[in-house]
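Peer 1: Below is the sequence, then the predicted model.
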Protein chains: 2
Amino acid sequence: MTAISRIEQICIDKGMKMTGQRRVIARVLSESDDHPNVDEVYHRASVIDSKISIATVYRTVRLFEEAAILEKHDFGDGSARYEEATDDHHDHLINVRSGSVLEFHNEEIEVLQRKIAASHGLKLVGHRLELYGVPLGDDEKE
Amino acid sequence: MTAISRIEQICIDKGMKMTGQRRVIARVLSESDDHPNVDEVYHRASVIDSKISIATVYRTVRLFEEAAILEKHDFGDGSARYEEATDDHHDHLINVRSGSVLEFHNEEIEVLQRKIAASHGLKLVGHRLELYGVPLGDDEKE
DNA sequence: ATATCTGCAAAGCATTTGCGTCACG
DNA sequence: CGTGACGCAAATGCTTTGCAGATAT
């Protein structure tokens, strides 16, 4: 019997029914520090439980997202990507050469965003900020 | 024979083969000042040419996007939305109550974005910034 | 016990594509 | 005329769902 993963503990605290599959998916996501899509979560979970179904991964990931345990992102590659939700908000900087994703937080931008929304009579309830870049000096090599 | 639409003129200048369908789609998009998805473009085009196929709309919209005539956006509603590309860059502020889309430009944010990318050794080649808001004072009414 | 979850396969959606026909240049 | 565009319907890729059996509490 393995230790309880971070996400499994959150599920328990929320009183969710914990099946073997949910435990496996919770573990996989707790141990991921990238932004896997459902297929990647499915493959990582399959290593632990080879009989798990991708439909269950879809259902569980949606469940976790609705419970604010995961955040869902769309980086424009056709599939949704997930990461564990944390209290420290951040945005994403995507290296389009390598596909790697860096996280950053800039309070100045956050403030400006709220200001812009307010100037149009709106209260900001969410935002999406993604930066796409290439390694410096890499674009002239082509 | 109707006048040549703004987008049709661009197509002609670029030496693209202008079919009746492309002319219709160019006209529809030139006259739109919102952010229609393919289905909406298809319906608007059908009014002018009822025999047009949605496959042609998909192909044409992609063609225009690749020719930098259109910009493609994803506002998270499951379908791609399009608008005529202009030289003045702007981002979007979406009213989640009404679904209406406001455009804005903030140079301060643009500068900060380049700075952030640079601080991670990347040159900014693109970005996506969308703000989602509700009318001020509207959220406590619920 | 029993409401909920899982696996499977089928269905849904937005989008793309193969193919025979048609039309712009 | 010939290359490329069109319409149709089938195919695709991601995601959801109906159903019958399995499972957590």
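Peer 2: Thanks, I have it.

Peer 1: tell me the domain boundaries of chain A?
Peer 2: Here the domain parsing of chain A from automatic domain parsing is A:6-84, A:91-133.

Peer 1: For burial, what's the neighbour tally of A:R59?
Peer 2: 14 (other CB atoms under 10 Å in any protein chain shown). Every C-beta, even on glycine, is put in place using the N, C-alpha and C of the backbone.

Peer 1: Tell me the predicted confidence for it.
Peer 2: pLDDT recorded at A:R59 is 97.

Peer 1: Also A:Q9?
Peer 2: pLDDT at A:Q9 comes out at 96.

Peer 1: Might you list the low-confidence residue ranges for chain A?
Peer 2: A:1, A:137-142 (pLDDT under 70).

Peer 1: Which residues of it lie near chain B?
Peer 2: A:74, A:76, A:93, A:95-96, A:102, A:104, A:106, A:108-109, A:112-113, A:116-118, A:120-139 (CB under 8 Å from any CB of the partner chain).

Peer 1: follow-up on the earlier one: distance to B:S53 added to the domains of chain A, as CSV?
Peer 2: Converted to CSV, these look like this (distance: least, CB to CB, whole Å):
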stretch, distance to B:S53
domain A:6-84, 24
domain A:91-133, 33
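
Peer 1: Would you mind telling me which of those domains is nearest DNA strand D?
Peer 2: Nearest of these to DNA strand D, taken as CB to the nearest atom of the strand: domain A:6-84 at 3.3 Å.

Peer 1: Which residue ranges of chain A form strands?
Peer 2: Residue ranges of the strands in chain A, as given by DSSP state E, are A:70-74, A:80-84, A:91-95, A:101-104, A:122-135.

Peer 1: what sits opposite the nearest residue in space to A:G133 that is not next to it in sequence in the beta ladder?
Peer 2: Leaving aside its chain neighbours, A:G133 sits nearest to B:L122 (3.1 Å; criterion: CB to CB, 6 or more residues apart in numbering or on different chains). As for beta bridges, B:L122 partners with A:P135 under DSSP bridges.

Peer 1: mind listing what B:L122 touches?
Peer 2: B:L122 is in contact with A:93, A:95, A:131, A:133-136, counting by CB atoms under 8 Å, 6 or more residues apart in numbering or on different chains.

Peer 1: in chain A, which residue is closest to the centre?
Peer 2: Closest to where the C-alpha atoms of chain A average out (CA atoms, centre = their mean) is A:E83, at 2.2 Å.

Peer 1: how about the helices in chain A?
Peer 2: Read by DSSP state H, chain A holds these helices, from start to end of the chain: A:6-13, A:20-31, A:38-48, A:54-66, A:107-119.
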